[in-house]
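Participant: Take a look and give me a structure for this.
(2 chains)
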Amino acid sequence: EPEVTQTPSHQVTQMGQEVILRCVPISNHLYFYWYRQILGQKVEFLVSFYNNEISEKSEIFDDQFSVERPDGSNFTLKIRSTKLEDSAMYFCASSVGRSNTEAFFGQGTRLTVV
Amino acid sequence: AQTVTQSQPEMSVQEAETVTLSCTYDTSESDYYLFWYKQPPSRQMILVIRQEAYKQQNATENRFSVNFQKAAKSFSLKISDSQLGDAAMYFCAYRSAANFGNEKLTFGTGTRLTIIP
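Facilitator: Numbers count the residues shown, from 1 in each chain, chains lettered A, B, ... in the order given. A predicted model of the protein is given here:
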C-alpha cells in the first residue's frame, strides 16, 4: 500500500539553527500539506501546496517557514532559525485532489529544539 | 472560520463494549467533509472514517460508524466491540468542499480512548 514517508523520524537541533524536514508524498498525489502538533495539543494546519505553489497558509506559517518541492518527489519544510516553541511533531500529508477527499499522513517527524 | 469541538478529553470502555465519542463543529458552509482520525502511541495519524455532508446516510467502516446530524452540526463516532488495539487518541476533523485553497483539515482537540481489559 502506498504511503507518505517522512525523514528523519526525530531531529534535535540547537535554537537558531535551520532545519529541513523531508517528505515523500504518494506518487500520484497533487496536494501536499504540513501540519504541526505540539505535545499534548491538537493538530494544527501550517500550509498547503499545489501546482508548485502555496495554496493556503496559516498564521503560524510566518517568514521563518518555507516549503519546496525541489525534485518532483520530495516535499520539504524548512524552518530558518528555530525557536524553542517550534518543538513539535510535524506531519506531512498528501491527497490526490479535491475530487478525492482523503489525506494520507506520514508517520511524523519529532522536532526538538534545545 | 470553522471550529471543531471535542468535549470529552478522555473516555474509557471495557473491551468488547461499545463507546461513542462526541464531536461538534461550527460552519456556515453547506458542503463539507468530516473525518475521524486515530492517533495511536506511535503518533501516526490514521484515517478511521469519513462522511460527506451531502450524504444523509451515516458512514460505516466495519466496527466504526458515525452518527451525522447535519442540522445539529454533530458528528459522533461509535466503536462497537472495542478491542485493545483501539486505544488511541481520536481526532475529529473538518474539511471544506469549497474551491481552491480550502483543502486544509481543521482538527478538534482530541479524545483519548482507553480500553479496559
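Participant: Please make it C-alpha for all contacts and neighbour counts, starting now.
Facilitator: Noted.
Participant: if I read this right, A:Asp86 contacts A:Val113, doesn't it?
Facilitator: Yes - if you go by C-alpha atoms under 8 Å, A:Asp86 and A:Val113 touch, sitting 6.8 Å apart.
Participant: Need the overlap of contacts for these two.
Facilitator: Shared contacts of A:Asp86 and A:Val113 (C-alpha atoms under 8 Å, 6 or more residues apart in numbering or on different chains): none.
Participant: and chain A, which residues reach chain B?
Facilitator: By the rule C-alpha under 8 Å from any C-alpha of the partner chain, the part of chain A lying against chain B is A:33, A:41-45, A:48, A:55-56, A:98, A:101, A:104-108.
Participant: What residues does chain B have near chain A?
Facilitator: For chain B, the contact set with chain A under C-alpha under 8 Å from any C-alpha comprises B:33, B:42-47, B:97, B:100-110.
Participant: Could you rerun that using 10 Å?
Facilitator: Proximity of chain B to chain A (C-alpha under 10 Å from any C-alpha of the partner chain) is limited to residues B:32-35, B:42-47, B:49-52, B:91, B:93, B:95-110.
Participant: Counting only strands, which of these make the cut?
Facilitator: B:32-35, B:46-47, B:49-52, B:91, B:93, B:95-96, B:105-107 (DSSP state E).
Participant: Filter the residues you listed down to just the buried residues.
Facilitator: B:32-35, B:46-47, B:49-52, B:91, B:93, B:95-96, B:105-107 (16 or more other C-alpha atoms under 10 Å in any protein chain shown).
Participant: pLDDT of the helix or strand harbouring A:Glu44, averaged?
Facilitator: In the assignment (DSSP states H and E), A:Glu44 maps to strand A:43-50. Mean pLDDT, computed over strand A:43-50, is 94.
Participant: Tell me the first helix or strand C-terminal of that strand.
Facilitator: strand A:53-57.
Participant: Name the residues that touch that following strand?
Facilitator: Contacts with strand A:53-57, where a contact means C-alpha atoms under 10 Å, 6 or more residues apart in numbering or on different chains, come from A:31-34, A:45-50, A:66-69, B:100-104.
Participant: Buried residues of stretch B:50-70, list them for me.
Facilitator: Of all the residues in stretch B:50-70, those buried under the rule 16+ other C-alpha under 10 Å are B:Arg50, B:Gln51, B:Glu52, B:Ala53, B:Ala59, B:Thr60, B:Phe64, B:Ser65, B:Val66, B:Asn67, B:Phe68.
Participant: quick revisit: pick out the most distant pair among the residues of chain A next to chain B.
Facilitator: Pairwise distances across these (C-alpha to C-alpha) peak at 27.5 Å, for the pair A:Gln41 and A:Arg98.
Participant: ok, so what distance separates the spatially most central residue of chain B from B:Gln44?
Facilitator: In chain B, the residue lying closest to the centroid (C-alpha atoms, centre = their mean) is B:Trp36, at 3.0 Å. When distance is defined by C-alpha to C-alpha, to the nearest Å, B:Trp36 is 13 Å away from B:Gln44.
Participant: same thing with B:Leu84?
Facilitator: From B:Leu84 to B:Gln44 the distance is 17 Å (C-alpha to C-alpha).
Participant: ok, these two, which is more surrounded?
Facilitator: Of the pair B:Leu84 and B:Gln44, B:Gln44 is the one with more neighbours under other C-alpha atoms under 10 Å in any protein chain shown, namely 17 against 14.
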